[in-house]
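> just a sequence and a predicted model for now, questions to come.
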Amino acid sequence: MLGIPFITTYISRVVKLQTVADSVDWLNYYATSLLLAFFAFMISAKQYFGSPIQCFVPQEFRGGWEKYAENYCFINNMYRVPFDQYDIPNDPTIRDDKLSYYRWVPIVLALQALAFYIPNYIWNMLHKQTAVNPRAIVNEVRKCRESHGNEREKEVETLAMYITETIDEFSPRYQKSFSRNGWNATILYLMIKFLYLINCFGQLFMLDKFLGGNYLTWGFETLIDVAQGQSWKESEMFPRVILCDFEVRKLANIQNYTVQCVIMMNMINEKLYLFLYCWLLLVGIVTLCNFVYYIVILCLPYFRTSFILLNVNKSHRSFHDFSRKEFRRFVHDFLRPDGVLLLQFIRQHAGGRVTYDLVNELLRIFKGRYASSIESSPPTLKGFRGENFKNNLSEHAPSTYKATGYGPSTLYPTYQQSQMDKDNNYPSSASGNGQNDSSDLDYIDNQATLPISQAQNRTPIRPIIPSNVPSSTPRRSSNGRTPSAPNENLYGIAPKASSSAV
């Protein structure tokens, strides 16, 4: 198919699909810009290469005189006189150049197309200066859609590591640099959205001034008439028939002529500007809603977290045992708004499946690299005495926690204190080496548990009873209770038994 050179070049070099823009951006910089460029080309072809005006001239005008009158009236003043007004006004101020916009319609349409593309051009120039550089990442992520199996997993891991290194630039030590604070790409993108919004509604008001000041009212009234099925009325803004005054020098005399002309272009202009009224209004409303959406998603922490949560594969192993506090830190301190914006681009241009895999891989990296400083509390285990403790412990991650022999609050050894008070005797728990045997201790609850890394090769001990104090008559404090183990030696390594101990 033979394409139009100007339009083909415009599409291939200027207006082309971007990987760092959403559908509303595409509606502005691509669809609207291309549409206005097409209208400009169409009107200019009719205006400069066709017959935009035809005039009814006197009979003495022959050949070149008729062409002269049409060209002169097209580039000079014209005015409209309704047909119900029989006399042409003699006042020259009334017969001033009232209609002149039609000569500038192609140029104004081309400028409108350029105005819709400028925000995207600014975004493409400046987003490369941010720490995120979303275009390079999105282009690589799009390649993952074509891979499968282990190759896909490796590519996702590589991309996740690259994104992690990029996000590391948002760490507090770089906060003084605006390009590395985790907000610069977000602020820039919101400014571009705002430019799109101002451009849409600004062009509506510009056209109102360009067409004579009644464009907004005319568009609304015309839409109402069309919706009610009324016949199309000729508008004063787009008259079909106009009058033109010009002078002709004949020898030493100057003769004035007034001719009646028809502007066939105004039939096209009327339909064109009614369509643009509806289109600009629609694009403006959609852009406004999209602008508010991005402000909410990127600037409000709650909705930022909700957006990431919607893009997490909750059945993935990396999401298991991820506390609410850690997830909020992952979103606000690790990804930050620029990372959320990047994932938004990835989801739109690479699909939800790749986004799920990438977010869960980022969660795994965050959990292994950064979440070690967050001490999450172990799951609450409802403690029971006796045999119920073993069942309870085996039910809640037996490979993770190891029981100790002390309770959490009073730090008293877990002997049967009531029995000791009753008998006024201590159970024969001290072994011959001076160390208490904790094998018969009754565990209290889950709070007396420790991670294995802290409990290995450690055992709860009590102070060694001096040799001069008989084990059958243990010491008692002034309050009549058995002294507890010192806090600083609560989980200390048990002292080795002396060879001379009895």
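Structure's in. What do you need? Given the structure is predicted, the values throughout are model-derived calculations rather than measurements.

> alpha carbons only for contacts and neighbour counts from here, please
Will do.

> for the stretch 201-350 of the chain, just list every one of the helices.
For the stretch 201-350 of the chain, the helices defined by DSSP state H, counting those that start in this stretch cover 215-227, 265-299, 301-310, 324-329, 336-350.

> distance to Gln203, mean neighbour count and mean pLDDT for the ones you listed - can I get that in CSV?
Shown next, in CSV, are the helices of the stretch 201-350 of the chain (distance: least, CA to CA, whole Å; neighbours: other CA atoms under 10 Å; pLDDT from 0 to 100):
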stretch, distance to Gln203, mean neighbour count, mean pLDDT
helix 215-227, 11, 14, 88
helix 265-299, 8, 16, 93
helix 301-310, 33, 16, 88
helix 324-329, 42, 16, 82
helix 336-350, 28, 22, 88
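
> tell me the pLDDT at Asn78?
If you look again at residue 78, you'll see it is Met, not Asn. For Met78, the model assigns a pLDDT of 76.

> what's the burial count for it?
The local packing of Met78 (other CA atoms under 10 Å) involves 21 other residues.

> what's the nearest residue to Asn313 if we skip its chain neighbours?
Take Asn313 and drop its neighbours on the chain: the residue closest to it by CA to CA, 6 or more residues apart in numbering is Tyr356, 5.5 Å away.

> need phi/psi at that neighbour.
Tyr356 adopts backbone torsions of phi -60, psi -50, taken as degrees, to the nearest 10.

> could you point out which of the helices of the stretch 201-350 of the chain sits nearest Thr166?
Nearest of these to Thr166, taken as CA to CA: helix 336-350 at 9.2 Å.

> contacting residues around Arg347?
Listed by CA atoms under 8 Å, 6 or more residues apart in numbering, the contact set of Arg347 reads 354-355.

> now Thr222: how far from Leu274?
Thr222 is 8 Å from Leu274, where distance means CA to CA, to the nearest Å.

> do Met42 as well
Taking CA to CA as the measure, Met42 and Leu274 are separated by 16 Å.

> hmm, back to that, pLDDT wise, what is the residue nearest to Asn313 at?
86.

> that one and Leu310 touch, don't they?
No. Using CA atoms under 8 Å as the test, Tyr356 is too far from Leu310 to be in contact (9.1 Å).

> count of neighbours near the closest residue to Gly212 other than its chain neighbours?
Of all residues not flanking Gly212 in the chain, Met237 sits nearest, at 7.0 Å (CA to CA, 6+ apart). By the other CA under 10 Å criterion, the neighbourhood of Met237 contains 18 residues.

> tell me how far Met237 lies from Glu270.
Distance of Met237 to Glu270, given as CA to CA: 8 Å.

> could you do Asp333 as well?
Taking CA to CA as the measure, Asp333 falls 55 Å from Glu270.

> cool, Gln255 as well?
Counting by CA to CA, the separation of Gln255 from Glu270 is 35 Å.

> contacting residues for Leu216?
By CA under 8 Å, 6+ apart, the contact set of Leu216 is 204-205, 208, 277.

> where exactly do the strands run in this structure?
In chain order, the chain shows strands spanning 53-56, 241-250, 253-263, 401-403, 449-451, with DSSP state E as the criterion.

> tell me which of these approaches Asn184 most closely.
Of all the strands of the chain, strand 449-451 sits nearest to Asn184, with 41.8 Å by CA to CA.

> for stretch 268-280, output the C-alpha coordinates as PDB.
C-alpha atoms of stretch 268-280 as PDB (Å, rounded to 0.1, in the frame of the first residue of the first chain):
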ATOM      1  CA  ILE A 268     -16.200  20.500   6.400                       C
ATOM      2  CA  ASN A 269     -15.000  22.800   9.200                       C
ATOM      3  CA  GLU A 270     -18.300  22.800  10.900                       C
ATOM      4  CA  LYS A 271     -18.400  19.000  11.200                       C
ATOM      5  CA  LEU A 272     -14.700  18.900  12.000                       C
ATOM      6  CA  TYR A 273     -14.900  21.400  14.900                       C
ATOM      7  CA  LEU A 274     -18.000  19.700  16.300                       C
ATOM      8  CA  PHE A 275     -16.100  16.400  16.400                       C
ATOM      9  CA  LEU A 276     -13.100  18.200  18.000                       C
ATOM     10  CA  TYR A 277     -15.400  19.700  20.700                       C
ATOM     11  CA  CYS A 278     -16.600  16.200  21.700                       C
ATOM     12  CA  TRP A 279     -13.200  14.600  21.400                       C
ATOM     13  CA  LEU A 280     -11.300  17.200  23.400                       C
END
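
> who's in contact with it?
Around stretch 268-280, the neighbours that count as contacts under CA under 8 Å, 6+ apart are 200-201, 203-204, 216, 219, 238.

> do that again at 10 Å, thanks
Stretch 268-280 has contacts (CA atoms under 10 Å, 6 or more residues apart in numbering) with 28, 32, 35-36, 39, 43, 102, 105, 199-204, 207-208, 211, 215-216, 218-220, 222-223, 234-235, 237-239, 266, 281-282, 284-286.

> for Glu153, give its distance to Tyr356.
Counting by CA to CA, the gap between Glu153 and Tyr356 amounts to 12 Å.

> for Gln255, same thing?
Taking CA to CA as the measure, Gln255 falls 81 Å from Tyr356.

> kindly report the same for Phe201.
Remark: distance between Phe201 and Tyr356 (CA to CA) = 37 Å.

> out of these two, which sits in the busier spot?
With other CA under 10 Å as the criterion, Phe201 and Tyr356 differ in neighbour count, and Tyr356 comes out ahead with 20 against 15.

> thinking the more buried one is in contact with Lys314, fair?
Yes. At 9.2 Å, Tyr356 counts as touching Lys314 under the criterion of CA atoms under 10 Å.

> so Asn71 touches Gln54, yeah?
Yes. Counting by CA under 10 Å, a contact exists between Asn71 and Gln54, whose distance comes to 9.2 Å.

> compare those two (neighbour count), which wins?
Between Asn71 and Gln54, Gln54 has the larger neighbour count (other CA under 10 Å), namely 19 against 16.

> pull the contacting residues for the more buried one.
66-67, 69-71, 73-74, 241, 260-264.

> likewise for Val20?
Contact partners of Val20, counting by CA under 10 Å, 6+ apart, are 120, 123-124, 127, 133-139, 189, 341-342, 344-346, 348-349.

> also Phe345?
With contacts defined as CA under 10 Å, 6+ apart, the neighbours of Phe345 are 19-22, 134-135, 137-138, 339, 351, 355.

> where does the stretch 301-450 of the chain have low pLDDT?
315-322, 370-450 (pLDDT under 70).

> how does it look with 80?
Low-confidence segments of the stretch 301-450 of the chain, defined by pLDDT under 80, span residues 313-324, 368-450.

> next: the stretch 51-200 of the chain.
62-63, 76-100, 130-133, 144-149, 166-182.

> please enumerate the helices of it.
Counting by DSSP H, counting those that start in this stretch, one finds helices in the stretch 51-200 of the chain at the ranges 64-75, 105-126, 134-143, 149-167, 184-210.

> in JSON lines: those, plus distance to Asn290.
Shown next, in JSON lines, are these (distance: least, CA to CA, whole Å):
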{"stretch": "helix 64-75", "distance to Asn290": "43"}
{"stretch": "helix 105-126", "distance to Asn290": "15"}
{"stretch": "helix 134-143", "distance to Asn290": "20"}
{"stretch": "helix 149-167", "distance to Asn290": "26"}
{"stretch": "helix 184-210", "distance to Asn290": "8"}
